[in-house]
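Trainee: Quick one, fold the following:
(one chain, ligands or ions: 1)
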Amino acid sequence: MKTKLTVVAALVICLLAFVYKATAQNTKEIKKIETGDKKVLIVYYSYSGNTKQVAEAIHKIAGGDIFEIKAEGTYPQDYNEMVQQAKKEITDNFRPQLTTSIANIEKYNIVFLGSPNWWGTITPQLSSFLDNYDLTGKTVIPFITHGGGGEQNTVKDMSAQCKGCKVSLNGWTGYGKSTDGLEDWLKKLGFGK
Ligand SMILES: Cc1cc2nc3c(=O)[nH]c(=O)nc-3n(C[C@H](O)[C@H](O)[C@H](O)COP(=O)(O)O)c2cc1C
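Mentor: Now for the predicted structure:
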């Protein structure tokens, strides 16, 4: 009985630590973006719609232009097969051909860049975007949606792949399509009323 209780207590502590880690990023101190004349672009990839919803919520408050990354290729209907294909693509550093494009990316100085967490990192479609566009000198604000794992290596990998840009460490990390606290986060960054 005592052993069982100890195991249950240990599991509860692990669960609480996991939930804390997954949500803690949105409680960190947010610094204001000091760029004077803000020319905002919101770019995102979304497979099942969560990141799209967060992107649209950011757009409503921060304004600017919004762009959805689309790329060649399809994924299997079966979820397990789909996640295995995505895993292989990430392991192989696969870069799908983009099928949507942005004109005049140079006119923006702030880019909100959104991706789901896939196997702890950003998606191949987002990596293709970073390979294809020069974001040198721009401030990039990541927004990541996840299924419980939090940010993991997403922002670190985004920074490494975004040559010459300044990736803010004050990005958004949210579970699924949750936008709880999004307005407050944007306000602290200097967007919205
Ligand atoms: C291929 C694949 C891999 C995933 N890997 C992770 C992961 O490593 N950690 C995590 O927390 N969530 C993971 N998820 C869950 C997604 O990050 C989460 O559902 C996200 O909000 C989906 O965004 P979307 O609807 O914009 O595609 C994964 C989902 C898929 C489809």
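
Trainee: From now on I want contacts and neighbour counts done on CA atoms only, so please keep to that.
Mentor: Fine.

Trainee: and residue 126, backbone torsions?
Mentor: When read as degrees, to the nearest 10, the backbone of residue 126 gives phi -70, psi -40.

Trainee: For it, report the pLDDT, please.
Mentor: pLDDT for residue 126: 98.

Trainee: The residue most central in space within the chain: which element?
Mentor: Nearest residue to the geometric centre of the chain (C-alpha atoms, centre = their mean): residue 144, 2.3 Å. Applying DSSP states H and E as the criterion places residue 144 in strand 139-146.

Trainee: Could you give the average pLDDT over that strand?
Mentor: For strand 139-146, mean pLDDT is 98.

Trainee: Next secondary structure element downstream of that strand?
Mentor: Downstream of strand 139-146, the first helix or strand assigned by DSSP H and E is helix 154-161.

Trainee: Please identify the buried residues of that next one?
Mentor: Within helix 154-161, the residues that count as buried by 16 or more other C-alpha atoms under 10 Å are 154-155, 158-159, 161.

Trainee: circling back: spatially, which residue comes closest to the residue nearest to the centre of the chain, not counting chain neighbours?
Mentor: Among residues not flanking residue 144 along the chain, residue 173 sits closest, at 4.8 Å (C-alpha to C-alpha, 6 or more residues apart in numbering).

Trainee: still on that earlier bit, and which of the buried residues of helix 154-161 is nearest to residue 104?
Mentor: residue 161 (20.6 Å; C-alpha to C-alpha).

Trainee: CA atoms of the strand holding residue 144 as PDB?
Mentor: Taking C-alpha atoms only, strand 139-146 is exported to PDB below (Å, rounded to 0.1, in the frame of the first residue of the first chain):
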ATOM      1  CA  THR A 139      13.100  41.200 -35.400                       C
ATOM      2  CA  VAL A 140      11.500  37.800 -35.400                       C
ATOM      3  CA  ILE A 141       9.000  37.000 -32.700                       C
ATOM      4  CA  PRO A 142       8.300  33.200 -32.500                       C
ATOM      5  CA  PHE A 143       4.900  31.700 -31.700                       C
ATOM      6  CA  ILE A 144       4.800  28.000 -31.000                       C
ATOM      7  CA  THR A 145       1.900  25.700 -30.400                       C
ATOM      8  CA  HIS A 146       2.400  22.300 -28.900                       C
END
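
Trainee: That strand near the ligand at all?
Mentor: Yes - counting by C-alpha under 6 Å from any ligand atom, the ligand is contacted by strand 139-146 at 145-146.

Trainee: hang on, the earlier thing: my guess is the residue nearest to the centre of the chain contacts residue 176. True?
Mentor: No - in this structure residue 144 lies outside contact range of residue 176 using C-alpha atoms under 8 Å: 9.1 Å.

Trainee: hey, what's in contact with both of those two?
Mentor: Common neighbours of residue 144 and residue 176, counting by C-alpha atoms under 8 Å, 6 or more residues apart in numbering, are residue 51.
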